[in-house]
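Novice: Just to be clear, the model below is a prediction. Sequence and coordinates:
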There are 2 protein chains.
Amino acid sequence: MKKGCPFGTHRVIEPKGVLPQPATKIENDMEIYDNEILINVKTLNIDSASFTQIKEEAQGDVEKIKEIMTNIVATRGKHQNPVTGSGGMLIGTVEKIGPALEGKTNLKVGDKLATLVSLSLTPLRIDKIKEVRKDIDQVDIEGKAILFESGIYAVMPTDIPENLALSVLDVAGAPAQTAKLVKPGDKVVVIGGGGKSGLLCLYEAKKRAGITGKVICIGHSQKSVDRVNQANLADVCFSADATNAVEIMNKVREVTNGEMADVVINCVNIPNTEMASILAAKDDGLIYFFSMATSFTKAALGAEGVGRDTTMIIGNGYTKGHAEIALQIMRESETLRKIYEELYA
Amino acid sequence: MKKGCPFGTHRVIEPKGVLPQPATKIENDMEIYDNEILINVKTLNIDSASFTQIKEEAQGDVEKIKEIMTNIVATRGKHQNPVTGSGGMLIGTVEKIGPALEGKTNLKVGDKLATLVSLSLTPLRIDKIKEVRKDIDQVDIEGKAILFESGIYAVMPTDIPENLALSVLDVAGAPAQTAKLVKPGDKVVVIGGGGKSGLLCLYEAKKRAGITGKVICIGHSQKSVDRVNQANLADVCFSADATNAVEIMNKVREVTNGEMADVVINCVNIPNTEMASILAAKDDGLIYFFSMATSFTKAALGAEGVGRDTTMIIGNGYTKGHAEIALQIMRESETLRKIYEELYA
Ligand SMILES: NC(=O)c1ccc[n+]([C@@H]2O[C@H](COP(=O)([O-])OP(=O)(O)OC[C@H]3O[C@@H](n4cnc5c(N)ncnc54)[C@H](OP(=O)(O)O)[C@@H]3O)[C@@H](O)[C@H]2O)c1
Ligand SMILES: NC(=O)c1ccc[n+]([C@@H]2O[C@H](COP(=O)([O-])OP(=O)(O)OC[C@H]3O[C@@H](n4cnc5c(N)ncnc54)[C@H](OP(=O)(O)O)[C@@H]3O)[C@@H](O)[C@H]2O)c1
């Protein structure tokens, strides 16, 4: 049996020397190396920025979506959208565990798990696409995937339905980071607060900012704004276009009495919202970009361009305990669980 | 006289609603609005990532470099490299000040200044390219530029030669951020530490980490490594390829006795170095990406992909007092000033 590198570099075909995530092509042969885990895949949860792009390219046609997805995996050996660079995650059952992992992992063959590393670095083979659930970015397939030794995962909880858990785990990094960044008394703006990750961020922000703080949700569709208002998830919620930076700035100025936000959390799924995030924040505010449609240069040069001393954080999808924190919200908040079950499960 | 928006949105041609930096085309007519400053441009200092790309595309040919630069400005109304997205900065003299700025600015007509906002958002007209200084990314031109009301600048110091000041100001954000991020006792890795911004970061890192800390420089060419060693700017300096993440990780492990870095500062000018930065840092370490060749998704998904709880900061080119901090280094350190004069002035 071949010996593997913990990070999976042994599967990188192109370019040589890089890790599986930045690689343009990786090997998706399903014969495992000694430190790999083979997964029988049930469902892919495609990253929202990626799935939005694929749906647009396919003009909503399901057969065309299947074709695009199949082509991506055939070309790259992994489901990494070439336009957005992003992936998603998957659920499945453990089929084989490499012998080098014995004593190092608690997993057993047959365990049901969700991978918490991006599909953009996960060796994947799609044998058949069974069902595309267009509205919730989930796709049921027949196929196999590989989890590397350094890869993280969550064993599926037994008290939360599978599709619900999958949706929550997909965006688990966002609420966990929110919990770390928001302090009592903070004014917090969540852009895209009516979306999957945004709703969880609102919940955590409210909890952390407390009664002396103020949580402001910026949604897009009237539907999502109404939903947030009805569920009382934010202190203020309004609809605005996050690509219009000046409009966002003016509205945030209004609802914060000119003070602007201490923390801005960007959870949108479309490009060109960096400037709105920057202008919504205080001069020495903090911005957490969870959106995968964020452009590094637009953020860096945009802040400099308006002379703002904002701290801008790249939305690392992982932080310690993120799966537990996110799933716990589903147990704590009946309101949020209902919304989630309705929308994403 | 037409009234302008502080951020310069009045000059955006395409797409509507965005700010000048993310815009693909802005108006570079040199008739000023009431809150603009007209600058008679002397020298452009092209961003290193951008100039490296242009030189490669031109295969080093000066006439071809001129053609590419002229085309960029003709197409976009600003010097924003379409491949890297980045700009640079300029020096020139104040030619006209919009009446709405009276009492708001200390500038007078005739003042010599450097703009500290990116060329990627600065309306620019090039009438003639006079000289291309290929090795230091500087280009002398005849032309005009506009500074918006929210734009930041530094009046040129009188005790530091112009070209030297320009080189220092170009990367002023990096040492100033280093000063904010590094704490006594920290182990600090500067990737690309032998370059223009890297050298200043080494200096600030040494100062802040103190004798209980350790500053590690990763260079590329033997020349730049020798330079850092001779000048004693780092505690350890070695040559390695920052696109090879695993090699970098192993070397950093070796020189930190397995502890890895508290802070990693990325100052390279080439793509695909995100993973090396992540693997060089402690699990809960901090990475400051100053490099404009950083990919947001590669950083975000790369860290998640290896289960690292690293805090990753987008290199905002501006932070309070950055120009003063960077110029001060030239006054404080004779060694560094000599190197800078030799290389960049
Ligand atoms: N860093 C990571 O590891 C990681 C992991 C997963 C996902 N993500 C990223 O996180 C982002 C959000 O994911 P998600 O699953 O929460 O997406 P989502 O459920 O589709 O939510 C997107 C939100 O953006 C809002 N929006 C769209 N266009 C807007 C506009 N012009 N102005 C203001 N708001 C607008 C939508 O508003 P409406 O609902 O009103 O239409 C929605 O609330 C995506 O970019 C995704 O790639 C990152
Ligand atoms: N955030 C901002 O506002 C801002 C402002 C200005 C510049 N920047 C960015 O900062 C970065 C650095 O700028 P700079 O002016 O300091 O550039 P620079 O002087 O050209 O330095 C680049 C450094 O990268 C090193 N390098 C190149 N390839 C490497 C490799 N494969 N492995 C390891 N090191 C490698 C070089 O090493 P050798 O010297 O040995 O060849 C050099 O030390 C650029 O990406 C630039 O775009 C950002």
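Specialist: That came through fine. Ligands and ions are numbered 1, 2, ... in the order given.

Novice: When you work out contacts or count neighbours from here on, use the C-alpha atoms and nothing else.
Specialist: Noted.

Novice: secondary structure element for A:Ala205?
Specialist: helix A:196-209 (DSSP states H and E).

Novice: Check which helices and strands that helix is in contact with.
Specialist: helix A:162-170, helix A:173-181, strand A:187-191, strand A:214-219 (3 or more C-alpha pairs under 8 Å, 6 or more residues apart in numbering or on different chains; DSSP states H and E).

Novice: do that again at 7 Å, thanks
Specialist: helix A:173-181 (3 or more C-alpha pairs under 7 Å, 6 or more residues apart in numbering or on different chains; DSSP states H and E).

Novice: Report whether stretch A:260-268 contacts ligand 1.
Specialist: Yes: interface with ligand 1: stretch A:260-268 contributes A:267-268 (C-alpha under 6 Å from any ligand atom).

Novice: Dump the C-alpha coordinates for that stretch into CSV.
Specialist: Only the C-alpha atoms of stretch A:260-268 are listed here, as CSV (Å, rounded to 0.1, in the frame of the first residue of the first chain):
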residue,chain,number,x,y,z
MET,A,260,-21.0,53.1,12.0
ALA,A,261,-20.2,49.4,12.8
ASP,A,262,-17.6,48.0,15.0
VAL,A,263,-17.8,44.6,13.2
VAL,A,264,-19.1,43.9,9.7
ILE,A,265,-19.7,40.3,8.7
ASN,A,266,-20.0,39.8,4.9
CYS,A,267,-22.1,36.7,4.1
VAL,A,268,-23.3,37.5,0.5
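
Novice: Name the surrounding residues that touch stretch A:167-177.
Specialist: The contact list for stretch A:167-177, computed with C-alpha atoms under 7 Å, 6 or more residues apart in numbering or on different chains, reads A:88-89, A:197, A:200-201, A:204, A:290, A:317-319, A:322-323, A:325-327, A:344.

Novice: Over to stretch A:83-90?
Specialist: Contacts for stretch A:83-90 (C-alpha under 7 Å, 6+ apart): A:43-47, A:49-50, A:79-81, A:114-120, A:170, A:292-293, B:297.

Novice: That one spans what distance, first to last residue?
Specialist: 20 Å (C-alpha to C-alpha, to the nearest Å).

Novice: how about low-confidence regions in chain A?
Specialist: Of all residues in chain A, none has pLDDT under 70.

Novice: residues from it in reach of chain B?
Specialist: Within chain A, the positions adjacent to chain B are A:7, A:17-18, A:21-22, A:85-86, A:117-118, A:150-152, A:243-245, A:292, A:294-298, A:300-309, A:312-320 by C-alpha under 7 Å from any C-alpha of the partner chain.

Novice: Let's see which of these end up in strands.
Specialist: Judged by DSSP state E, the subset of the residues of chain A next to chain B located in strands is A:312-314.

Novice: Including distance to ligand 1, could those residues go into CSV?
Specialist: Formatted as CSV, those follow (distance: C-alpha to the nearest ligand atom, whole Å):
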residue, distance to ligand 1
A:Met312, 14
A:Ile313, 11
A:Ile314, 8
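
Novice: measure the closest residue to A:Ala242 other than its chain neighbours to A:Val215 for me?
Specialist: Leaving aside its sequence neighbours, A:Ala242 sits nearest to A:Thr273 (C-alpha to C-alpha, 6 or more residues apart in numbering or on different chains; 5.4 Å). A:Thr273 is 19 Å from A:Val215, where distance means C-alpha to C-alpha.

Novice: likewise A:Phe51?
Specialist: In terms of C-alpha to C-alpha, A:Phe51 sits 29 Å off from A:Val215.

Novice: neighbour-wise, which of those two wins?
Specialist: Legend: neighbour count by other C-alpha atoms under 10 Å in any protein chain shown for A:Phe51 and A:Val215, higher for A:Val215 (29 against 25).

Novice: so what's the more buried one closest to, chain neighbours aside?
Specialist: That would be A:Val188: by C-alpha to C-alpha, 6+ apart, it lies 4.8 Å from A:Val215.

Novice: what sits against the one you found?
Specialist: Taking C-alpha under 7 Å, 6+ apart as the test, what A:Val188 contacts is A:214-216, A:261-264.

Novice: can we see that at 10 Å?
Specialist: Listed by C-alpha atoms under 10 Å, 6 or more residues apart in numbering or on different chains, the contact partners of A:Val188 are A:178, A:182, A:201-202, A:205-206, A:209, A:213-217, A:234-235, A:256, A:260-265, A:280-281, A:286-287.

Novice: what sits opposite it in the beta ladder?
Specialist: With DSSP bridges as the criterion, A:Val188 is bridged to A:Val215, A:Val263.

Novice: Keep only the contacts of stretch A:83-90 that also lie close to ligand 1.
Specialist: Within those, those near ligand 1 by C-alpha under 6 Å from any ligand atom are A:47, A:49, A:170, A:292-293.

Novice: and which of the residues you listed is nearest to A:Glu131?
Specialist: A:Asp47 (16.6 Å; C-alpha to C-alpha).

Novice: The residue nearest to that closest one when sequence neighbours are not counted: neighbour count?
Specialist: Counting by C-alpha to C-alpha, 6+ apart, A:Asp47 lies nearest to A:Gly88, which is 4.2 Å off, once chain neighbours are set aside. For A:Gly88, the tally of surrounding residues (other C-alpha under 10 Å) stands at 28.

Novice: Against A:Lys3, how distant is A:Gly88?
Specialist: Distance from A:Gly88 to A:Lys3, by C-alpha to C-alpha: 27 Å.

Novice: do A:Tyr340 as well
Specialist: A:Tyr340 is 42 Å from A:Lys3, by C-alpha to C-alpha.
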